[in-house]
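Enquirer: The sequence and its predicted three-dimensional model are supplied below.
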Amino acid sequence: MTTVGSTTTARTASQAFPAGFVWGAATAAYQIEGAAHEDGRGPSIWDTFARRPGAVAGGDTGDVACDHYHRWREDIALMASLGLGAYRFSVSWPRVQPDGSGPVNPRGLDFYDRLVDGLLEAGITPYVTLYHWDLPQALEDAGGWTVRDTAYRFAEYAGVVHDRLADRADTWTTINEPWVASFLGYGAGVHAPGRTSADDAFRAAHHLMLAHGLAARRLREAGAERISLTLNLAPVLCPADAPGEADLAAVELVDSLLNRQFLDAALRGSYPDAVLERARRLGHVRDGDLAVIAQPIDSLGINYYNPTYVRAAPGAPENPAFPGSAGVAFPSVDLPTTAMGWPIAPDGLTELLLRLHRDHPGVPLVVTENGAAFDDVPGPDGRVADPARIGYLEGHLRAAHAALAAGVDLRGYLVWSLLDNFEWAEGYGKRFGIVYVDYADQRRLPKDSARWYAGVIARNGLEA
Ligand SMILES: N=[N+]=NCCCCNC(=O)[C@@H]1[C@H]2[C@H](O)[C@@H](O)[C@H](O)[C@@H](CO)[C@@H]12
């Protein structure tokens, strides 16, 4: 309570978000669409990788997924019932260009036409992601992201999609999470295409960022005004009371590889030393590339799930997702975890947003993904009680609000995910949705968190 003059004002921690704040949900093509062999769609690297024995839990594939390709009307109605202002989805490149280049598959583009029209009819703004990891297999057969040509093919594909949808969709994300696509796909090999070469991971990262720059330039030339890049970013923390020099060096290395490799390239046209050293040896970064990559963007998308914890650990083997990390441990910390085993640390979102506000002033921010997997089980009445997810989301929205209160230009929040879906190497066993999907009959069951989120949207914030 505070007293001003003779008036005692009850201070309530208002959790109202700014007027016009965008509330939405996010998905990705390979994770929800299914119809993997329908209407001319070609194979992607995830269609191939999912068939590699042991690659995906339970041998799951995206062949059917949530059957969103056929159930999109029902899913849009679900989004509207929650009051979503925006829906972030990705376009399947191999549905649009089955070989990744050349002839366009009209039936592939037609699906996104229908989807965008349906969203607009429901009063929902389409947020279009052009690449969410489903590279056409034909391009992987020609070298994939480790070869420079793929970046140019991506820019052509981006132009095809933009030119078809730009009269109705105006919010574009070029690439989703280049770090995951490169360092898990080509370095650690735990994501498609399942290659395990540190050099290839750095080549892929650079060509993904070059693809971003080339596509952003192509869209800007065509008149696009809302172009962004989405990065998975995390505070890199040492959980020691008094970090030593070696601990700080470990933080610096992992922060350079996970965060600065992409932030500095996109927003400053530079690479941190750890990346430059590799680039000098490999010769894949050409003069002028970083200027292309640093094409001006209108906002930065942030996918935040949890901090990354590191400490020096002499003798620790290299983590293949972080080349050069021999002698670095990635310890568990004493925090509650989600079903993915990821620590729950909402303050990390505030810290991350404040860092971006400080280091990259003037760049509007959107949380394009935040959410959690928990072992959701429908009750006999069909209700899906998911208090842990509500707790996770509430904690992270309070963290986002704290950043807003500190002056961060945060424009929106999109929950990951609208639907339970194909969780990559974890398959369908990990449920991130605010809506439960019964894969046996494709029924959608809004979880308690969906109703809770609808309330947040309706009041444009949390209850104080
Ligand atoms: N430790 N830990 N890790 C935190 C996250 C590591 C990077 N993975 C992501 O960000 C992926 C992003 C992806 O866009 C989506 O397609 C995935 O379904 C979600 C959930 O996995 C997230």
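Expert: Cool, the structure landed. Numbers count the residues shown, from 1 in each chain.
Enquirer: What count of nearby residues applies to S197?
Expert: By other Cβ atoms under 10 Å, the residues close to S197 number 15. To be clear about C-beta, it is placed using only N, CA and C from the backbone, and glycine gets the same treatment.
Enquirer: Leaving out sequence neighbours, find the closest residue to it.
Expert: Y186 (6.4 Å; Cβ to Cβ, 6 or more residues apart in numbering).
Enquirer: now W145
Expert: Distance criterion Cβ to Cβ, 6+ apart; nearest residue to W145, sequence neighbours excluded, is A204 at 3.7 Å.
Enquirer: A188 is in contact with the one you found, correct?
Expert: No: because the distance of 11.9 Å does not satisfy Cβ atoms under 8 Å, A204 is recorded as not touching A188.
Enquirer: Between the two, point out the one with more neighbours.
Expert: Neighbour comparison, A204 and A188: the larger count goes to A204, with 28 against 19 (by other Cβ under 10 Å).
Enquirer: elements contacting the helix or strand harbouring the residue nearest to W145?
Expert: For A204, the host element (DSSP states H and E) is helix 198-221. When contacts are defined as 3 or more Cβ pairs under 8 Å, 6 or more residues apart in numbering; DSSP states H and E, helix 198-221 packs onto helix 149-165, strand 171-176, helix 178-179, strand 227-232, helix 261-268, helix 273-282, helix 289-293.
Enquirer: if we go to 6 Å?
Expert: Counting by 3 or more Cβ pairs under 6 Å, 6 or more residues apart in numbering; DSSP states H and E, the packing neighbours recorded for helix 198-221 are helix 149-165, strand 171-176, helix 178-179, strand 227-232, helix 289-293.
Enquirer: what about it and the ligand, touching?
Expert: No: on the criterion Cβ under 6 Å from any ligand atom, helix 198-221 is out of touch with the ligand, staying 13.6 Å away.
Enquirer: Then stretch 229-242?
Expert: Yes: for stretch 229-242, a contact with the ligand is found by Cβ under 6 Å from any ligand atom, at N232.
Enquirer: buried sites along that stretch?
Expert: Using 16 or more other Cβ atoms under 10 Å as the test for burial, stretch 229-242 gives L229, T230, L231, N232, L233, A234, P235, V236, L237, C238.
Enquirer: Out of those residues, flag the one nearest to A312.
Expert: Nearest to A312 out of the buried residues of stretch 229-242 is C238 (Cβ to Cβ; 8.3 Å).
Enquirer: Could you tell me how far the closest one is located from the ligand?
Expert: Plainly put, C238 is 16 Å away from the ligand if you go by Cβ to the nearest ligand atom, to the nearest Å.
Enquirer: Hmm, D247 and that residue touching each other?
Expert: Yes: C238 lies in contact with D247 (Cβ atoms under 6 Å); the separation is 4.4 Å.
Enquirer: between the two, what contacts are shared?
Expert: Between them, C238 and D247 share these contacting residues under Cβ atoms under 6 Å, 6 or more residues apart in numbering: R311.
Enquirer: how many neighbours does P307 have?
Expert: When counting by other Cβ under 10 Å, one arrives at 21 neighbours for P307.
Enquirer: Surely it and V236 touch.
Expert: No: contact criterion Cβ under 6 Å: P307 and V236 do not qualify, at 7.1 Å.
Enquirer: secondary structure element for whichever residue of the stretch 301-450 of the chain sits closest to the ligand?
Expert: Closest to the ligand within the stretch 301-450 of the chain is Y305: 3.8 Å, counting by Cβ to the nearest ligand atom. Per DSSP H and E: Y305 is located in neither a helix nor a strand.
Enquirer: Which residues are in contact with it?
Expert: W342.
Enquirer: ok, it to L233 distance?
Expert: Y305 sits 10 Å away from L233, going by Cβ to Cβ, to the nearest Å.
Enquirer: go on, G34?
Expert: In terms of Cβ to Cβ, G34 sits 30 Å off from L233.
Enquirer: swap in T196?
Expert: 24 Å.
Enquirer: Residue ranges in the stretch 51-200 of the chain under the pLDDT threshold?
Expert: Judged against pLDDT under 70, the stretch 51-200 of the chain has no low-scoring part.
Enquirer: Name the residues of it found near the ligand, please.
Expert: Residues of the stretch 51-200 of the chain lying close to the ligand (Cβ under 6 Å from any ligand atom) are N176, E177, V180.
Enquirer: mean confidence score for stretch 439-448?
Expert: For stretch 439-448, mean pLDDT rounds to 98.
Enquirer: Apologies, that question was intended for stretch 29-38.
Expert: The average pLDDT for stretch 29-38 rounds to 99.
Enquirer: and it, which residues are buried?
Expert: In stretch 29-38, the ones that count as buried by 16+ other Cβ under 10 Å are A29, Y30, Q31, I32, E33, G34, A35, A36.
Enquirer: Any idea how far apart the tips of it sit?
Expert: Terminal residues of stretch 29-38 are spaced 14 Å apart (Cα to Cα, to the nearest Å).
Enquirer: Same question for stretch 273-291.
Expert: Using Cα to Cα, the span of stretch 273-291 from its first residue to its last is 17 Å.
Enquirer: And for that stretch, what's in contact with it?
Expert: Contacts of stretch 273-291 (Cβ under 6 Å, 6+ apart): D199, F202, R203, H206, L210, L253, S256, Q261, G269.
Enquirer: OK, now which residue of the stretch 101-250 of the chain is nearest to the ligand?
Expert: The ligand sits closest to N232 of the stretch 101-250 of the chain, with a gap of 3.9 Å, by Cβ to the nearest ligand atom.
Enquirer: residues contacting that residue?
Expert: By Cβ under 6 Å, 6+ apart, the residues touching N232 are E177, W179, V180, N303.
Enquirer: got CSV for these, with neighbour count and distance to E423 too?
Expert: As requested, the contacts of N232 are exported to CSV (neighbours: other Cβ atoms under 10 Å; distance: Cβ to Cβ, whole Å):
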residue, neighbour count, distance to E423
E177, 24, 14
W179, 23, 18
V180, 19, 13
N303, 21, 14
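Enquirer: still on that earlier bit, need the helices and strands packed on helix 198-221 in JSON lines with distance to P136, can you?
Expert: Shown next, in JSON lines, are these (distance: least, Cβ to Cβ, whole Å):
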{"stretch": "helix 149-165", "distance to P136": "9"}
{"stretch": "strand 171-176", "distance to P136": "15"}
{"stretch": "helix 178-179", "distance to P136": "17"}
{"stretch": "strand 227-232", "distance to P136": "20"}
{"stretch": "helix 289-293", "distance to P136": "22"}
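Enquirer: For A458, which of those is the nearest?
Expert: A458 lies closest to strand 171-176 among the helices and strands packed on helix 198-221, at 22.5 Å (Cβ to Cβ).
Enquirer: Spatially nearest residue to R195, not counting backbone neighbours?
Expert: Nearest residue to R195 in three dimensions, chain neighbours excluded: Y186, at 4.6 Å (Cβ to Cβ, 6+ apart).
Enquirer: On the three-state scheme, the one you found is what?
Expert: Secondary structure for Y186, judged by DSSP: H, G, I helix; E, B strand; the rest coil, is helix.
Enquirer: For it, which residues are in contact?
Expert: R195, D200, A201, A204.
Enquirer: Quick check: closest non-adjacent residue to the third one.
Expert: Nearest-residue entry for A201: G187, 3.2 Å, with adjacent residues in sequence omitted and distances by Cβ to Cβ, 6+ apart.
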